[in-house]
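Peer 1: predicted model, plus sequence, below.
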Amino acid sequence: MSKQFQKPRGTEDILPDMQPYWTMINKSIQEVTTLFGYSRIDTPVFENAALFEKGTGDTTDIVEKEMYTFADRGGDMLALTPEATPALCRSYLENGMGSQPQPIRLYTTAPMFRYDRPQQGRLRQFTQFDCEVIGSADPYVDAELIELLWRLYEHLELTDIELRLSSIDDLTSRKKYISDLTNYYQPLSNLLSEDSQRRLQSNPLRLLDSKDERDISFKEKAPKLIDRLSEESEQHFTTVKEALTAAKIPFTIDPLLVRGLDYYNRTVFEFVPKEDERAQSTIGGGGRYDELIKILGGPHTPAVGFAAGFERIILEMKRQKKTPSPLDSVNVYIAHLGSKAGKESVRLAAELRKNDIACSIGESTRSLKAQLRRANTSGAKITIIIGEEEIKKGTAVIKSMQTDQSQIETPISETITEVVKILNQ
RNA sequence: GUGGGCGUAGCGUAGCGGUUAACGCGUCAGGUUGUGGCCCUGAAGAUCGAGGGUUCAAAUCCCUCCGUCCACCCCA
């Protein structure tokens, strides 16, 4: 046992019993993106490492300590995608999508990789639903994306999801704010938690995110970015809020909402289940990133996007006891006895499948009783029994598994018609 | 990277120094000749995560490693 292979740390086998969740989410994504007119795109699982170093930002945790970076045999430095946004932007530029009518509305679902310590809701390989609208600075687009994700949760029948919204202004005014914030905290430095003292150097915005008791009172009195937005950002934010209200999407303004990626500006948002004590419970988040495409070497191109984690959505579905409907099982099970019957059941199965009737065949080595038991657990609605006697007579027994004891015997040539008749009842 | 909890058959658990490691679910086979679900009987399935140590004796105590879970950091 111990010598057997184990899946790498932080990875998951998605076993058959979990597939209904995945199918349901994929189906809902399909529906919602269609309703909003988004096109699917698929990009490689790995990219040049430099794409993320530049795009995601080389001071972010993702790039600094979580990337799966490796040199391939030719010596190129590659990385397994830790987040989709830079990859989609790369594709936008590389494929000249800027020359198409703007904006471009894209979505993808793909595995993401981050070398982090696994815990609930956090894996090293996880799956994200990712949406980006590239080529528009329109605040209505921000609201549209937020609404799209909101509708996805509705499709999944998730309730009590809170939308937290904020604006983190544009880069230049934020820089000024950060220096003001640093000035505010500097004199308090030795009263702060160790983590926060460190944050003061590395990423002062994170101070507002601290959960440490020692920091909370300072954090409440700290200057708020949202109270001093530039005129344009203020206007932008107001329109986003108005659009959300028009779409009847409730939101709470969270002045302390800070997202971890460097490239965000203006609108940032997060979806969090209410009354959920778990730590890693954010089930979706995103924001505007007007500078990213330029950073990647393209023309100045405003854009917005979000990512939502499948695994976290599933955790929340389970918590809310939203069980997806089971996947289809076979309709017909063929039990057979004897080698002639064996061949006949293979022939019959092929014919059934040609008629779009899902079926499976029993094990020739097993007793009829055992085959019927299996038919029962397989969920088949009908069992067809072919034994030596039936072969002699040229018939098949059709047994309904749902009613008590009903079974009929028909000429083998009429089996399909009879099966169809019963299935349609 | 830091801190804590936990690792016993496929799954969920009991046993917590002393005879062949127990139970439930599941699996397989039977309950008269070819008929499922309920019920009954039986069987298979565990070098008690791995390695080392303490002891006359270890699944039970100690150490190391691995895995896993939870939290921090960070994020989906």
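Peer 2: That came through fine. Residues are numbered from 1 along each chain as shown, chains lettered A, B, ... in the order given.
Peer 1: what about the residue nearest in space to the middle of chain A, distance to residue A:9?
Peer 2: By CA atoms, centre = their mean, chain A has its centre lying nearest to residue A:310, at 3.1 Å. Distance, residue A:310 to residue A:9, using CB to CB, to the nearest Å: 19 Å. Where you see a C-beta, it was placed from the backbone N, CA and C, and this is true even at glycine.
Peer 1: repeat that for residue A:15.
Peer 2: Residue A:15 is 18 Å from residue A:9, by CB to CB.
Peer 1: shaky segments in chain A?
Peer 2: When residues are selected by pLDDT under 70, those of chain A lie in A:1-3, A:260, A:277-278, A:404-405.
Peer 1: ranges for the helices of the stretch 1-150 of chain A?
Peer 2: For the stretch 1-150 of chain A, the helices defined by DSSP state H, counting those that start in this stretch cover A:19-36, A:49-52, A:61, A:85-94, A:139-155.
Peer 1: nearest to residue A:185, of those?
Peer 2: Comparing the helices of the stretch 1-150 of chain A against residue A:185 with CB to CB, the closest turns out to be helix A:61 (20.6 Å).
Peer 1: distance between that closest one and the chain's centre?
Peer 2: 21 Å (CA atoms, centre = their mean, to the nearest Å).
Peer 1: likewise stretch A:372-385?
Peer 2: Distance, centroid of stretch A:372-385 to centroid of chain: 35 Å (CA atoms, centre = their mean).
Peer 1: need the contact partners of that stretch.
Peer 2: A:329-336, A:345, A:348, A:359-360, A:362-363, A:366, A:368, A:371, A:396-402, A:407, A:415, A:419, A:422-423 (CB atoms under 8 Å, 6 or more residues apart in numbering).
Peer 1: okay, how far is it across it, tip to tip?
Peer 2: Using CA to CA, to the nearest Å, the end-to-end distance of stretch A:372-385 comes out at 9 Å.
Peer 1: now, the contacts of stretch A:372-385 that are in helices?
Peer 2: Applying DSSP state H to the contacts of stretch A:372-385, the entries found in helices are A:345, A:348, A:368, A:371, A:415, A:419, A:422-423.
Peer 1: buried subset of the residues you listed as a PyMOL selection?
Peer 2: Buried residues within those, by 16 or more other CB atoms under 10 Å, are selected in PyMOL with:
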select buried, chain A and resi 345+348+371+415+419+422
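Peer 1: any idea which of the ones in helices among the contacts of stretch A:372-385 is closest to RNA strand B?
Peer 2: Distance to RNA strand B, by CB to the nearest atom of the strand, is smallest for residue A:368 among these, at 4.9 Å.
Peer 1: fine by me, thanks again.
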